[in-house]
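[1] Show me the folded form of this:
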Amino acid sequence: MKCNTPDCLGSHAPREISHQVIYRERTVIIHGLPADVCPDCGDMVLTEETTIHLDGLLKATARSKSTVLTYECG
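    Numbers count the residues shown, from 1 in each chain. Predicted structure coming up:
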């Protein structure tokens, strides 16, 4: 998929990333998050399925003390 960042000529490619999110006043780090990333500018795109699953992970984390998660789907 072609990158949508202005003046970038790169194309997104699937990768697993680590992503930091602030959720309910806590910083949570998610490892192994699937994303499409442009190797030229670093722009990232998450699928709708990934964001829905991530939302569920964050809600479950809110009940625990964990601040580091590993994204596992399935």
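
[2] Packing partners of the strand or helix carrying Ala60?
    Using DSSP states H and E, Ala60 falls within helix 48-62. With contacts defined as 3 or more C-beta pairs under 8 Å, 6 or more residues apart in numbering; DSSP states H and E, helix 48-62 has these neighbours: strand 13-23, strand 26-37. All C-beta atoms are positioned from the backbone trio N, CA, C, and that covers glycine.

[3] Now render those as a markdown table, adding distance to Ala60.
    Converted to a markdown table, the helices and strands packed on helix 48-62 look like this (distance: least, C-beta to C-beta, whole Å):
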| stretch | distance to Ala60 |
| --- | --- |
| strand 13-23 | 11 |
| strand 26-37 | 11 |
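
[4] Buried deepest among those, which one?
    Stretch with highest mean neighbour count among the helices and strands packed on helix 48-62: strand 26-37 (a mean of 16; mean count of other C-beta atoms under 10 Å).

[5] quick one, it and helix 48-62 angle?
    Angle of strand 26-37 versus helix 48-62, following axes from the mean of the first three to the mean of the last three C-alpha atoms, to 10 degrees, is 160 degrees.

[6] and the angle for strand 26-37 with strand 13-23?
    160 degrees.

[7] Tell me the helix or strand right after strand 26-37.
    Next in sequence after strand 26-37, counting helices and strands by DSSP H and E, comes strand 44-45.

[8] Many thanks, have a good one.
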